[in-house]
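Novice: Got a sequence here, can you build the structure:
(chains A and B)
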Amino acid sequence: MAETTTNGHAQSVVGTRTVRPDGVDKVTGRARFGADFNLPGQLIGRVLRSPHPHARIVSIDTSKAEALPGVKAVITRADFADQPSEFIPAGEMMMNYKDVVRNVMAREKALYEGHAVAAVAATSAAVARRACKLIDVQYEVLPHVIDAVEAMQPGAPLLHDDLFTVGVEPRPDKPSNVAKKIEIKQGDIEAGFQKADLVIEREFKTAPVHQGYIEPHAALATVSEDGTAEVWCSTQGHFIVRAHCARLLGLDIGKVRVTASEIGGGFGGKTVVYLEPLALALSKKAKRPVKMVMSREEVFKASGPTSGATVRVKMGATKDGKFVAATAELKYQAGAFQGSPVQPGVMCAFAPYDIEHVYVVGYDVVSNRPKVAAYRAPGAPISEYAVESVVDEIAKKLDIDPIDLRMQNAAREGTKAAYGPKFGPIGLEETLNAVKKTEHWNAPLRKWQGRGVASGFWFNIGGETCVSLTVNEDGTVSLVAGTPDIGGLRASLAAVAADELGVPFDKVRPIIGDTGSLGFNFLTGGSRSAFSGSMAIVEAAKQIKADLCARACKMWEAKPEQVEFSDGAVRPLGALAEKAKPMTIADFARVAGKTGGPIGGVGRINAQGAGPSFGTHLVDLEVDPETGRATILRYTVAQDAGRALHPAYVEGQYQGGAVQGIGWALNEEYIYGADGKLQNAGFLDYRMPVASDVPMIDTVLVEVANPKHPYGVRGVGETPIVPPLGAIANAMENATGIRFTELPMSPPKVLKALKEKGLNKA
Amino acid sequence: MAKHHIQAQVNGDEVEFLCETEETLLDVLRDTLNMTGSKEGCSSGDCGACSVMLDGRLVCSCLVLGCEVGGRRIETIEGMAQGEKLHPLQQRFLEHAALQCGICTPGVLVASKALLERNSNPTETEVRYWLAGNLCRCTGYDKIVTAVMDTAAAMRKG
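Specialist: Sure thing, here's the model as predicted:
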């Protein structure tokens, strides 16, 4: 018998580097992404967008557009019923349908440049383009405000006259752009700072950055005369698209079927709806399928990004390096509607450290920018960047090794985080140790080179998940999951199914089913899909194994205790073993009809026990004193995966997150003119890292098992983007002697700082 | 204005199509010829997701007009595998997990093939600069560069 490995199974596909089941389609161009779907008779939809950052919409006259030959439908705010104000939890964020309906189609006002004002469906893209030009929108242009700190000032242009700050007592009697104030407190902050020998306080600014998925948003929708509707779209959660569309269009959820295409990147940005309800409304009017695809400019101006922010951090430490007190004040841009990720920013700020006295306050501020969407560990990179910068400064002032200082203060099992929970087994110390042991940590550096280290944390989530496993007539297994696969989910889930049922990996075919094929699945986000999906598969497999044991009992006229499922077969035990032979899954498949019908299981869970994931990053960079450009020379990521279901795709998450973080730290930013218009809505001017900008990204997979998961899995997707900002800022300080407190540390900014210090000569 | 009538060769097959002057080669491939393997990420030549070979030269098909390709030879991702046999680059991209979401993959593969055809032994730096016109937001490029170099080494051995 094979050696028993993971989870008591003889076979262990889990933990191996299988070729992903969806891979061949993706290397041959066969895989169908959002814009790759077409239907007979389809129309092309196009959105007319506001050229103004802030304007009252006085009137919209669509008559000329409607009269243009080839135009089959025009929609405006009049085509969507208003929604009541009601906050609904949406994973790591909150949402309000009153705002959602206004974001997909402006009502009273256009609140940012690019805000949808009308949409048309026509027989060709060219006709749709001409039709948009014929729509006459009368605007009353209003003063705008782009920066969150300016938006907080009295007298700033108000976006919403019914927005009163929540979380302030007494309730304000005047509306403002501050939607919410949130606080967390632990201990006695003043007493804490009295114990400190060293107190450091700094203010930081970060620019808004876009998720930057390469695939623009795309949707194809068709509505029949009887009110049934179908949507094909690129999304992180087709069940969420269904819920939003049904709500916004007044359709029964059961009548809307949504199929998630292959998704060309999301990073949180495809957790909300933009085009889907518009395509449905157009199709409903035109009675033909409508396809809509955003341009890259539209993606930048009207989707995503994440918040820019201002963060003030104050930390106190004893001369021995013990952190005794910490405070932070976070002001996050929400965009045009409330709901920035300031809440998770507040939660995560000091989470890597065991600090007795903590106070964090956060403000959610609206301004005339696109409404922010989730972006990989939403909010956390910003607040943790500020904290990791101050931690580094403390290490330097106290002359303590920065890894040792983090180790001394690290959260560990039993630490109570300021935001509430007491941590179970966690791997921060292990990641710090792992980094310290690398050759990288001790490698020599030259002039203008610097090394930086930073840690990061993300809490991860579970949530509603439904998967099905079906044993086919020939013993192969069909796996249907309901969370879109962005980075290798099908490979991970198929490995778990193969191990649970004892069938070869290549006999499991995993697909992502549409909304009609499974119960509700929350979206792919919060680093939940492999964590929750594998849990649900264990449930589904359990049902299959119990069913097969029961069938064997009937066939063998045995009692339940005389059989067991192990190593892919139901095995007779004791005396029964002399009469009956073990039956594999394939054996049962052949006699399924005679023994009770189709064989399958459905795992329906609300996954609990998501284990937080900590990581520590190490980076070397070199600054060119003549240009101010920082080049990343070397990079190491150590992160706790709990258990890596597919190590190569876990490494991929670490590497991809690190490089997104490099972009955030060094180059990416939304640049607005005084006119409130975005000046860099394209990949040439919004500079994401390209292959020649970065080195190889070394990875260390730390595995501190999550005891709440059958395989020990922790979500891994989000944490990797948290440490890079701080690590790179710390490396910049070591390379130049200058503490940069504003992101991005782009060449002009760095050069200016070098000039001010007279350092701009090699 | 009447549409242009164009005859060209795509992956070895003769094709003919009608196109408007403003339509790009990418529009023609995707919308007229139903070859959706080439992807549109930006339509400004900045992301490389639409990379194809035009008479043996690597181009962004979003920067070429459909009416420019008359009599010319186009190779796309759909023509990369030979029958049932994947191109060595395709095979190694799978083995090295050099793709995550996969949207950039067709363009990266077409560009990588073009590199190996002109340089069978590229350095890491050469691979990185050659692929600098192909944006990938998921992988951090590490596994892509590794897969390309590993393929080059294997192809040199034959």
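
Novice: From chain B, how far out is the closest residue in space to A:D514 that isn't next to it in sequence?
Specialist: If you skip the residues right next to it in sequence, A:D514 has A:T259 as its closest partner in space, 4.1 Å away by C-beta to C-beta, 6 or more residues apart in numbering or on different chains. (Each C-beta comes from the backbone N, C-alpha and C, glycine too.) For A:T259, the distance to chain B under the criterion C-beta to the nearest C-beta, to the nearest Å works out to 16 Å.

Novice: neighbours of A:T259, just the number please.
Specialist: Look at A:T259: counted by other C-beta atoms under 10 Å in any protein chain shown, it has 20 neighbours.

Novice: element containing it?
Specialist: Taking DSSP states H and E as the definition, one finds A:T259 inside strand A:256-260.

Novice: Return the distance of that strand from the chain's centre.
Specialist: 21 Å (C-alpha atoms, centre = their mean, to the nearest Å).

Novice: For whatever residue of the stretch 451-600 of chain A ends up closest to chain B, what are phi and psi?
Specialist: Here the residue of the stretch 451-600 of chain A nearest chain B is A:G487; by C-beta to the nearest C-beta that distance is 3.9 Å. Summarising the backbone geometry of A:G487 under the convention degrees, to the nearest 10, its torsions are phi -140, psi 30.

Novice: for it, what are its contacts?
Specialist: Residues near A:G487 by C-beta atoms under 8 Å, 6 or more residues apart in numbering or on different chains: A:Y649, A:G652, A:Q653, A:G656, A:G717, B:Q100, B:C101, B:C138.

Novice: taking those one by one, which sit in helices?
Specialist: A:Y649, A:G652, A:Q653, A:G656 (DSSP state H).

Novice: How is the chain partitioned into domains?
Specialist: With no chain named, the answer covers chain A. For chain A, automatic domain parsing gives the domain ranges A:6-31+A:462-607, A:34-142+A:218-293, A:425-460+A:611-756.

Novice: if you could check chain B rather than the one you did, that'd help
Specialist: Under the assignment named as automatic domain parsing, the residue ranges that make up the domains of chain B are B:4-79, B:88-157.

Novice: Deepest-packed of the ones you listed, please.
Specialist: Mean neighbours per residue, mean count of other C-beta atoms under 10 Å in any protein chain shown, is largest over the domains of chain B for domain B:88-157, with a mean of 22.

Novice: Next, residue 59: secondary structure please.
Specialist: I went with chain A, as the question did not name one. strand (DSSP: H, G, I helix; E, B strand; the rest coil).

Novice: who touches it in this structure?
Specialist: Contacts for A:S59 (C-beta under 8 Å, 6+ apart) come out as A:D136, A:V137, A:Q138.

Novice: top of those by neighbour count?
Specialist: Note: the member of these with the most neighbours is A:V137, at 20 neighbours, neighbours being other C-beta under 10 Å.

Novice: I'd like to know how far that one sits from chain B.
Specialist: Applying C-beta to the nearest C-beta, one obtains 25 Å for the distance of A:V137 from chain B.

Novice: Return the set of residues that bridge with that residue.
Specialist: As for beta bridges, A:V137 partners with A:I60 under DSSP bridges.

Novice: surely it meets A:I60?
Specialist: Yes. At 5.1 Å, A:V137 and A:I60 qualify as touching, with contact defined as C-beta atoms under 8 Å.

Novice: Find the residues that touch each one of those two.
Specialist: Common contact partners of A:V137 and A:I60 (C-beta under 8 Å, 6+ apart): A:V117, A:A118.

Novice: Give me the distance between the two termini of stretch A:479-494.
Specialist: Length of stretch A:479-494, first residue to last, C-alpha to C-alpha, to the nearest Å: 7 Å.

Novice: do stretch B:19-27 as well
Specialist: By C-alpha to C-alpha, one end of stretch B:19-27 lies 9 Å from the other end.

Novice: ditto for stretch B:26-45
Specialist: Between the opening and closing residues of stretch B:26-45 lies a distance of 11 Å (C-alpha to C-alpha).

Novice: This completes my enquiry, with thanks.
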